[in-house]
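Visitor: I'd like to go over a predicted model; first the sequence, then the structure.
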Amino acid sequence: MRILGIETSCDETAVAILEDRNVLVNLVHSQLLHQQYGGVVPEFASREHMRIIETLTKAALNQSHITINEIDGVAVTRGPGLMGALLVGLSFAKGLTYASNKPLIGVNHVEGHIMANFLDHPDLKYPFLCLLASGGHSQIVYVKDFHNYQIFGRSIDDAAGEAFDKAARILNLGYPGGPLIDRMAENGNPGFYPFPRAKIKNGVNDFSFSGLKTSILYLVKKEGADWTQRHLHDICASYQEAIVDVLVTNTITVARHENINRLVLAGGVAANSRLRTAFQSEAARYGMEIYFPSMEYCTDNAAMIARAGIELFIRKQFSESNISAIPNLSLISDN
Ligand code: KG4
Ligand code: ZN
């Protein structure tokens, strides 16, 4: 079985081909043009997807020495994401499947992030508790089986990745902020400044990151540019620690409460080095197994979309040729 995956939900144009459960090719074109604006400009993202998608698909087929006729199905992200960006990938996939008479498989991007773990860990067993933390989402998901989810906590405001990106903008570091803060924090002191850890009154396992963002904004304003520059590494390490602390604490709390012994990380923030080591040591402390995807499968990619597509293909859950993109598609409602 060969599945071609297409991902265009945000600012990465990505195409991948999986043969059974093995990745033959995984191409990602990161749209660097957004860096100068300090965030993703939706209109430019759509245009860039349009400019590159066909070339990238041809390159994926060429590199894996496969023709479109040797593909069994095309899996494509239908949501959540930016409407215009999603439409580029979905329309392209529709054209491709129509012309080649192959099934179209619409995939939930968030489900793709979870399934990314099976690319590196084919023997991963259900059930597990997944912390999904990306630029658009922060959720603690109990994954009972494929397509069978229960949400135990979510962000009530900003996503964890957004908290990294917004702080990086305040600190004039650039975009995307997560990897930049991660690198800066490497030789910083995480105990330098006590950034707040939000406690949500109405749901112990929910997250809130907007107070943290306000806190760094006030700190930088109060102390001034010179001080901030002098203590950049320490500020980044302390800020990162506050995010990691909340993510780890809430996830471990749910796992212990629900008696779940297998933890899984997913999404762009799962690439964070401090998050990975903190989870490793907490999992060891409580005798839990911990899994996370390799770096290339944490951030947006099409191999994860093709991997989710394989599960849908096996179950013959194909999409109609007139499906629409759903910018706010949720993990549960689509079951
Ligand atoms: O999963 P992803 O590529 O796209 C979404 O679906 O949102 O996640 C992107 C997010 C960005 O906010 C980026 O800053 C964050 O993941 N990110 C990181 C790291 N690498 C990417 N955050 C913290 N540390 C990293 N090393
Ligand atoms: Zn994503």
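Guide: Looks like it arrived, so ask away. Ligands and ions are numbered 1, 2, ... in the order given.

Visitor: and the helix or strand hosting residue 243, average pLDDT?
Guide: Under the criterion DSSP states H and E, the helix or strand holding residue 243 is helix 232-258. For helix 232-258, the mean per-residue pLDDT is 97.

Visitor: Now whatever residue of the stretch 101-250 of the chain ends up closest to ligand 2: closest residue in space, sequence neighbours ignored.
Guide: Ligand 2 sits closest to residue 134 of the stretch 101-250 of the chain, with a gap of 4.4 Å, by CB to the ion. In this view, the C-beta of every residue, glycine as well, is placed from N, C-alpha and C. With CB to CB, 6 or more residues apart in numbering as the measure, residue 267 is the residue that lies nearest to residue 134, at 3.4 Å, once sequence neighbours are left out.

Visitor: What of residue 266?
Guide: Nearest residue to residue 266, sequence neighbours excluded (CB to CB, 6+ apart): residue 113, at 4.3 Å.

Visitor: show me the contacts for the one you found.
Guide: 132, 134, 266, 267, 304 (CB atoms under 8 Å, 6 or more residues apart in numbering).

Visitor: One more: residue 106?
Guide: With contact taken as CB under 8 Å, 6+ apart, residue 106 is in contact with 75, 76, 77, 78, 90, 319, 323.

Visitor: can you pull the pLDDT of it?
Guide: You'll see residue 106 listed with a pLDDT of 98.

Visitor: Bridged to it, which residues?
Guide: According to DSSP bridges, the partner residues bridging residue 106 are residue 76.

Visitor: measure it to ligand 1 for me?
Guide: Separation of residue 106 from ligand 1 (CB to the nearest ligand atom, to the nearest Å): 17 Å.

Visitor: Please report the distance of residue 270 from ligand 1.
Guide: The spacing between residue 270 and ligand 1, counted by CB to the nearest ligand atom, is 8 Å.

Visitor: Contact partners for that residue?
Guide: When the contact criterion is CB under 8 Å, 6+ apart, the partners of residue 270 are 131, 133, 276, 292, 293, 298.

Visitor: Just the pLDDT for the residue nearest to residue 1 when sequence neighbours are not counted.
Guide: In space, not counting the residues next to it along the chain, residue 1 is nearest to residue 72; the distance is 5.2 Å by CB to CB, 6+ apart. pLDDT recorded at residue 72 is 98.

Visitor: how many other residues sit next to residue 72?
Guide: Residue 72 is surrounded by 15 other residues when neighbours are defined as other CB atoms under 10 Å.

Visitor: could you give the mean pLDDT of stretch 159-176?
Guide: Mean pLDDT, stretch 159-176: 95.

Visitor: and that stretch, is it in reach of ligand 1?
Guide: Yes. Contact between stretch 159-176 and ligand 1 is present through 161, 164, 165, 176 (criterion: CB under 6 Å from any ligand atom).

Visitor: Off-centre distance for that stretch?
Guide: Stretch 159-176 sits 16 Å away from the centroid of its parent chain (CA atoms, centre = their mean, to the nearest Å).

Visitor: how much space is there between the residue nearest to residue 266 and residue 46?
Guide: When distance is defined by CB to CB, to the nearest Å, residue 113 is 22 Å away from residue 46.

Visitor: just residue 83 next, same as before
Guide: The spacing between residue 83 and residue 46, counted by CB to CB, is 9 Å.

Visitor: higher neighbour count, the two?
Guide: residue 46 (19 against 15).

Visitor: Summarise which helices and strands the helix or strand where the more buried one lies is packed against.
Guide: Assigned by DSSP H and E, residue 46 belongs to helix 42-63. Where contact means 3 or more CB pairs under 8 Å, 6 or more residues apart in numbering; DSSP states H and E, helix 42-63 is packed against strand 2-7, strand 12-19, strand 22-30, helix 83-100.

Visitor: winner for burial among the ones you listed?
Guide: Highest mean neighbour count of these: strand 2-7, a mean of 28 (counted as mean count of other CB atoms under 10 Å).
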